[in-house]
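J.: I would like to see how this sequence folds:
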Amino acid sequence: HRTAGPVRAPHPHLAVTLRLFVSQRDSAIKRVREAQNRDAIDATRRLLSLHDTAATSGSSTRCCLSKFAASSMVAARLLAVASILPATAAVLTLPRKSQALPWLSAPAYLQELPGNADFDPLRLGSASPALLKYYREAELKHGRLAMLAAIGWPASELWDKALADTFGIDSALTSKLEAPSVLNGGLDRISPAFWGAALGFGAAIELYGLKLRLEDRAEPLEPGNLQFDPLGMYPVERARRKRMDEAEVKHGRIAMLAVVGYAAEEYLLGTPVAVHSSGFFEPFWAHFFHV
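T.: Here you go, the predicted structure:
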């Protein structure tokens, strides 16, 4: 049995020699790489010089080909520069045009709104995001009231007299059987109790909406959102929710135009809208069989 002797440390001259060898090797590799880069750059310059010479020389019969070669070289240089630049710097973005007014630029502040058609020629919504939300909420409220009025106006002209006779009360229609309005008259025949109930109901909804706005929430409520969905019809998916929001805005806008049309038609024609536009309020077969 032999005992192992003590491990001897490497000779100091050997360590210094190894370090010098590694340093010289790294320097040699660096010089070789620099020489290769210089050779590649020189070769590229010579190639570009040859192409430039070929593009600028030649007879008149080869003028078109020379011009094509020169433009190809310019394009190649531009592509080389574009490959060096970041991708974001090489993308050119053109201003988006308005859908409603194609000769104007689309307002950027309307881009995320449901039902956006890029229509704000007076830039009313550009003052602040808070003012834009206020305008959108006002549009939704007017649209919802107009959708109710678009149904209630002709319905009152069709069924008010029959219902009044059934319950033994006076009809609220005018002498021409038109719905009471500012232009048609007849508003003085409406009971004050109705006006009081309508005013109280509207004030209650406004106070409820204000209460929702003042509550602390992780995300603020969208304009017109009253957290009222007893039937659970509002979808959970973001895409379907956006489609429903757009449908509400578009139906509200059409309803506002319809109510204005009701009032103008009855004032100008002097007949109820349910009569001169009966095709919208009677079964289609009644016009064929005179039922």
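
J.: any idea of the mean pLDDT for stretch 28-37?
T.: For stretch 28-37, mean pLDDT rounds to 72.

J.: next one: stretch 274-284
T.: For stretch 274-284, the mean confidence score works out to 82.

J.: Pull the residues that contact that stretch.
T.: Contacts to stretch 274-284, defined as C-beta atoms under 8 Å, 6 or more residues apart in numbering, come from residues Pro154, Glu157, Leu158, Leu177, Glu265, Leu269, His287, Val291. In this view, the C-beta of every residue, glycine as well, is placed from N, C-alpha and C.

J.: Equivalent analysis for stretch 176-184, please.
T.: 153-154, 156-157, 161, 172-174, 186-187, 189-190, 262-263, 266-267, 270-273, 275.

J.: rerun at 6 Å
T.: The contact list for stretch 176-184, computed with C-beta atoms under 6 Å, 6 or more residues apart in numbering, reads Trp153, Ser156, Glu157, Ala172, Thr174, Gly186, Leu187, Ala263, Glu266, Tyr267, Pro272.

J.: and which of those is nearest Tyr234?
T.: Trp153 (27.5 Å; C-beta to C-beta).

J.: Ramachandran angles for the closest one?
T.: phi -60, psi -60 (degrees, to the nearest 10).

J.: Just the ones of the contacts of stretch 176-184 in strands?
T.: Using DSSP state E, no member of those falls in strands.

J.: Drop anything exposed from these.
T.: By neighbour count, with 16 or more other C-beta atoms under 10 Å, the contacts of stretch 176-184 hold Trp153, Ser156, Glu157, Ala172, Thr174, Gly186, Ala263, Glu266, Pro272 as buried.

J.: export those residues to CSV and tack on distance to Asp39?
T.: Output for these, formatted as CSV (distance: C-beta to C-beta, whole Å):
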residue, distance to Asp39
Trp153, 87
Ser156, 93
Glu157, 93
Ala172, 99
Thr174, 99
Gly186, 98
Ala263, 86
Glu266, 91
Pro272, 94
